[in-house]
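[1] got a sequence here, can you model it:
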Amino acid sequence: RSPSAGARAVRRWTSRIPDLFDKTLLCVPINDHLHWSLAVVANLDAKKPTFFLMDSLASAHDADQIKDYLHAAILSDFRRRFPTKPTPDYLASLPSVSLSLPRQPNTYDCGVYLIAFFEDLLKAPLAPDLADRFHPRIFRHADVQAVRRDLLAFFDDRAAAFLASSRDDRRTSSGSADDAVL
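    Below is the predicted model:
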């Protein structure tokens, strides 16, 4: 994809955020070739934006290409929101940082790792040096397995509630079982 096509693909994320340029973190989940990663632009609010890609397979996604897509989307969004203002210098480029992160030991945990990365981002403020904040031991694979168990329990509970509600709706709409004629 070209940067403009990629920017259009992520524009829906930025266009729905009314105060995008006041955000500390812009997090965009990326799914490409059956793999999930988390693209992050940090410190947009401080006018010192920095891009990093949280990819549990390290090189499954092209970080430079994703950065170009996000940068183009941010520039487009700035021009849309502030059509009479010149593009500020801090948006002229989007510096990136390469992080050393936990790696998934299999081919199927990328979505759960994405959630674990996101949760970790929200736990503590970003350090000035992102390399100090993120490292391969920010969480273990056992922690990811716990996230998976929590997700399964959540969806099991939601499914059970939905099924119970559906049964109640059928009983209410069709009358009670005592009213049935055999």
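[2] make it CA atoms for all contacts and neighbour counts henceforth
    Will do.
[3] pLDDT below threshold where in this structure?
    For the chain, the stretches flagged by pLDDT under 70 are 1-7, 128-129, 131, 171-182.
[4] centroid-nearest residue for the chain?
    Most central in the chain under CA atoms, centre = their mean is Pro29, positioned 3.3 Å from the mean C-alpha point.
[5] what sits up against the helix or strand harbouring that one?
    Assessed by DSSP states H and E, Pro29 sits inside strand 25-32. Counting contacts by CA atoms under 8 Å, 6 or more residues apart in numbering, the residues outside strand 25-32 that touch it are 13, 20, 36-44, 61, 114.
[6] quick check: buried residues in that strand?
    Within strand 25-32, the residues scored as buried using 16 or more other CA atoms under 10 Å are 25-30.
[7] just give me the closest of these to Asp156.
    Pro29 (23.7 Å; CA to CA).
[8] ok, what's across the strand from the closest one?
    Here Pro29 shows beta-bridge partners Leu38, assigned using DSSP bridges.
[9] and it, how far from Ser37?
    Pro29 is 6 Å from Ser37, where distance means CA to CA, to the nearest Å.
[10] mind listing the shared neighbours of the two?
    Contact with both Pro29 and Ser37 is made by residues Leu114, according to CA under 8 Å, 6+ apart.
[11] all helices for this protein, in order.
    Using DSSP state H, the helices assigned to the chain run over residues 3-15, 63-81, 110-123, 130-133, 141-174.
[12] for Arg11, what are its contacts?
    Listed by CA under 8 Å, 6+ apart, the contact set of Arg11 reads 73, 77.
[13] distance of it from Phe78?
    The value you get for Arg11 to Phe78, if CA to CA is used, is 11 Å.
[14] tell me the contacts of the closest residue to Ser56 other than its chain neighbours?
    Leaving aside its sequence neighbours, Ser56 sits nearest to Arg103 (CA to CA, 6 or more residues apart in numbering; 4.6 Å). Going by CA under 8 Å, 6+ apart, Arg103 touches 55-58, 136.
[15] try Val112
    144, 147-148.
[16] for Pro102, same thing?
    By CA under 8 Å, 6+ apart, Pro102 lies in contact with 56, 135-140.
[17] narrow those residues to those that are buried.
    56, 139.
[18] okay, and which of the contacts of Pro102 map to strands?
    Nothing among those maps onto strands, per DSSP state E.
[19] just name the closest of the contacts of Pro102 to Asp89, please.
    So of the contacts of Pro102, ranked by how close each gets to Asp89 (CA to CA), first place is His135, at 30.7 Å.
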